[in-house]
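Asker: requesting a structural model of the entry that follows:
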Amino acid sequence: MQENCLLQMRHIDKRFPGVLALSNVDFTLRKGEIHALMGENGAGKSTLIKILTGVYQMDGGEITVDGEKVVIRSPQDAQNHGISTVYQEITLCPNLTVAENMFIGRDDSLWVKHKDREKRADEILGKLGIPARSTQQLGSCSLAVQQMVAIARAVDMQCKVLILDEPTSSLDDKEVNMLFDLMRDLKKQEVGIIFVTHFLEQVYEVSDRITVLRNGELVGEYLTEDLPQVELVAKMIGKELDELSSLSEFEEKKTENKEVFYEASSLSSSETVPFDFSIHKGEVNGFTGLLGSGRSESVRAIFGADKVTGGAVKIKGEPVKITKPIDAMRHGIGYLAEDRKRDGIIAELSVRENIILALQVMNGFFKPISRSESEAFADEYIKVLNIKTASRETPVGSLSGGNQQKVILARWLLTHPDYLILDEPTRGIDVGTKLEIQKLVLKLAEDGVSVTFISSEVEEMLRTCSRLIVMRDRHIVGELKGQDLNQAQVMKTIAGGEA
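Answerer: Here you go, the predicted structure:
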């Protein structure tokens, strides 16, 4: 047993149908420690946390708390062992008072005696330095204070292990500092804190150790001070620094003499800060950065998928207004969303019906595409994209992920876009289909279509794009092209320019 050890998870395995989500993962949390749990999307962070909190049952391994082996079969079991979680989304009741939220659902005489309950709540709030009164309605507090009230509730329930799951994603800088002060106070009280976040700078500001997961496996545990940001990025993505080199074997695609197709100045949405962006005719560029950096939110703003709150847009040099997707579509912009199941396919409809959907929306539903036309369109793109389906009338939900993605590509190609935005078009599909999509992107560019390409796989971005916009913490922090277009430089820029 390691010195000062509070929690140990050893040899944790978790399987889902067809997927090994966690394989032989170890995790150790010490008393009075803030421990960052890091990894890209699909690394296994959420699965590990859900096992620790009793949402999932592990298939192998063991958990010890304070040196005692425990079995956690439910969230109540976790709570009984002093393990509490505060999620990104506030799970308290905004219509109740702060005190009522702190004691709701607890078999405690304080719940009956209002004055005693409020007195106890004020004591806890004061001890933790939380700027709230027990009698005020929770909904009147800022998001940061609501997060702190959730933490105060956990602390008063004799919490030993506190899990903070993306607690800062909706907070401004001042609120983040308030939360960090509270975390440091809890650390002094020997509470062990597991900090899950995508914000690298925050990890280095507040954490003592870092555990990195990748593809369901443990990469390693490190003292924060011994792990430079650029090395952390390398471990999360899966390349060692001495292996990094430019993977692009294509000649740089020249854009200097081509017209700018799309240009935005200070574009902002409900999910982004203002940013500038442009793309040339026939150019393939991309947004890169870790998950949560703002890359998807940026392209959603371009397409009008999120509420546009400011900025000016020009297409071919002429001012245009794009505030919703149909505006973008009518100006020749197509968008393949990151989550194909939620925002892409309509699983119950056929391949044919999914392919014609965008064109039908552009035509208007009072001008329906005839059955013969839709069949001809579907047959054409099934052949062009080599979509493997029993027939054009097969429900698209029964196709493989790669073929579903091809159907969505066909939908947008049928509109003959001038500018195509592809957000994670190759996620979760086989290598062969990935290469087909990459070749298609380059062919579209040769034909004059502008393409913005986003992928979690940096190698794929380097093979496909001639220019990368690098994002961190929702801000554009660099732009790479030419000789700087290599994986080492991408990682250094994401990490803040460290060597």
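Asker: the spatially closest residue to Arg411 that is not a sequence neighbour: how many residues sit nearby?
Answerer: Closest residue in space to Arg411, ignoring its immediate chain neighbours: Ala358 at 4.9 Å, by C-beta to C-beta, 6 or more residues apart in numbering. To be clear about C-beta, it is placed using only N, CA and C from the backbone, and glycine gets the same treatment. Neighbour count for Ala358, taken as other C-beta atoms under 10 Å: 21.
Asker: go on, Leu442?
Answerer: 16.
Asker: now it: phi and psi?
Answerer: phi -70, psi -40 (degrees, to the nearest 10).
Asker: same deal with the one 3 residues further on?
Answerer: The main-chain torsion angles of Ala445 are listed as degrees, to the nearest 10 and equal phi -60, psi -40.
Asker: tabulate the CA atom coordinates of stretch 442-455 in PDB.
Answerer: Below are the C-alpha coordinates for stretch 442-455, written out as PDB (Å, rounded to 0.1, in the frame of the first residue of the first chain):
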ATOM      1  CA  LEU A 442      -8.700  15.800 -51.700                       C
ATOM      2  CA  LYS A 443     -10.600  15.100 -54.900                       C
ATOM      3  CA  LEU A 444     -13.300  17.600 -53.900                       C
ATOM      4  CA  ALA A 445     -10.600  20.200 -53.300                       C
ATOM      5  CA  GLU A 446      -9.100  19.500 -56.800                       C
ATOM      6  CA  ASP A 447     -12.600  20.200 -58.200                       C
ATOM      7  CA  GLY A 448     -12.700  23.600 -56.400                       C
ATOM      8  CA  VAL A 449     -14.700  22.700 -53.300                       C
ATOM      9  CA  SER A 450     -13.500  24.300 -50.100                       C
ATOM     10  CA  VAL A 451     -13.300  21.800 -47.200                       C
ATOM     11  CA  THR A 452     -12.800  22.300 -43.500                       C
ATOM     12  CA  PHE A 453     -11.800  18.900 -42.000                       C
ATOM     13  CA  ILE A 454     -11.700  18.100 -38.300                       C
ATOM     14  CA  SER A 455     -10.300  14.900 -36.900                       C
END
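Asker: flag every buried residue along stretch 117-124.
Answerer: Going by neighbour count (16 or more other C-beta atoms under 10 Å), the buried part of stretch 117-124 is 117-118, 120-122, 124.
Asker: could you pull out the helices in the stretch 51-200 of the chain for me?
Answerer: 75-80, 98-103, 109-112, 114-128, 143-156, 173-188, 200-206 (DSSP state H, counting those that start in this stretch).
Asker: who touches the longest one?
Answerer: The one in question is helix 173-188. 32-34, 128-131, 142-145, 147-148, 151, 155, 162, 164, 167-168, 171, 193, 195, 202, 205-206 (C-beta atoms under 8 Å, 6 or more residues apart in numbering).
Asker: show me how to select, in ChimeraX, the buried members of those.
Answerer: The command below creates a ChimeraX selection of those among the contacts of helix 173-188 that count as buried (16+ other C-beta under 10 Å):
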select :33,34,128,130,142,143,144,145,147,148,151,155,162,164,167,168,171,193,195,202,206
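Asker: which stretches of this protein have low pLDDT?
Answerer: Filtered on pLDDT under 70, the chain yields the residue ranges 1-3, 41-42, 88-90, 105-115, 169-172, 239-257, 428-432, 497-499.
Asker: let's have the helices of the stretch 51-200 of the chain in JSON lines, adding distance to Gln405.
Answerer: Formatted as JSON lines, these follow (distance: least, C-beta to C-beta, whole Å):
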{"stretch": "helix 75-80", "distance to Gln405": "36"}
{"stretch": "helix 98-103", "distance to Gln405": "43"}
{"stretch": "helix 109-112", "distance to Gln405": "52"}
{"stretch": "helix 114-128", "distance to Gln405": "48"}
{"stretch": "helix 143-156", "distance to Gln405": "36"}
{"stretch": "helix 173-188", "distance to Gln405": "37"}
{"stretch": "helix 200-206", "distance to Gln405": "30"}
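Asker: and the ones you listed, which is most packed in?
Answerer: For these, the largest average neighbour count (mean count of other C-beta atoms under 10 Å) is found in helix 98-103, namely a mean of 25.
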